[in-house]
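Visitor: Could you work out the structure for the sequence below:
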Amino acid sequence: MAQIPARTDGAGKLSRKQTGDAWEQEARHWLERKGLRFIAANVRSRGGEIDLIMKDGAVTVFVEVRYRSSAQYGGATASVTRSKQTKLLQTARLWLARHNGSFETTDCRFDVIAFTGSQIEWLTNAFGE
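Guide: You can find the predicted model right below:
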């Protein structure tokens with residue numbers, strides 16, 4: 001699984017950012033082993049952030065990476081709410097526009113890589129407009 005960063009906060013625990021970065025790196029490598037090609041990471045706009053942008057052949061894939069230590073409250077996939085999806089769609093729309101594209105002209109999809117405990121789940125085309 002993910003390499004845990006050596007740096008911690010003063011209490012010896014990983015910060016939320018360090019934990020998130022580690023799981024995003026693990027997701028990137030996992031997807032690369034599945035044949036996807038890395039384009040960008042942590043793409044931010046005023047409305048949100050896209051964890052990873054990958055290419056699957058000619059398809060641009062916007063990837064949301066989620067981690068939960070257990071499924072006690074629904075697991076990692078349950079944390080991708082409608083509000084989160086809306087923010088991801090908005091950020092992807094802006095990213096495409098900056099790269100001379102749009103949802104109408106670019107073949108794209110939204111995937112979720114969900115780590116729940118030691119389990120990994122890849123939801124391809126998890127949601128759309």
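Visitor: Dig out what the nearest residue to K34 once chain neighbours are set aside forms beta bridges with.
Guide: Residue nearest to K34 in three dimensions, not counting chain neighbours: W122, with 7.7 Å by C-beta to C-beta, 6 or more residues apart in numbering. To be clear about C-beta, it is placed using only N, CA and C from the backbone, and glycine gets the same treatment. Beta bridges link W122 to I113, judged by DSSP bridges.
Visitor: Am I right that W122 is in contact with F115?
Guide: No. Between W122 and F115 there is no contact under C-beta atoms under 8 Å: 10.5 Å.
Visitor: who's more crowded, the two?
Guide: F115 (21 against 14; other C-beta atoms under 10 Å).
Visitor: The more buried one: which element?
Guide: strand 108-116 (DSSP states H and E).
Visitor: Which strands or helices does that strand pack on?
Guide: helix 16-33, strand 59-68, helix 82-98, strand 119-127 (3 or more C-beta pairs under 8 Å, 6 or more residues apart in numbering; DSSP states H and E).
Visitor: Can you point out the buried residues in stretch 122-129?
Guide: 126-127 (16 or more other C-beta atoms under 10 Å).
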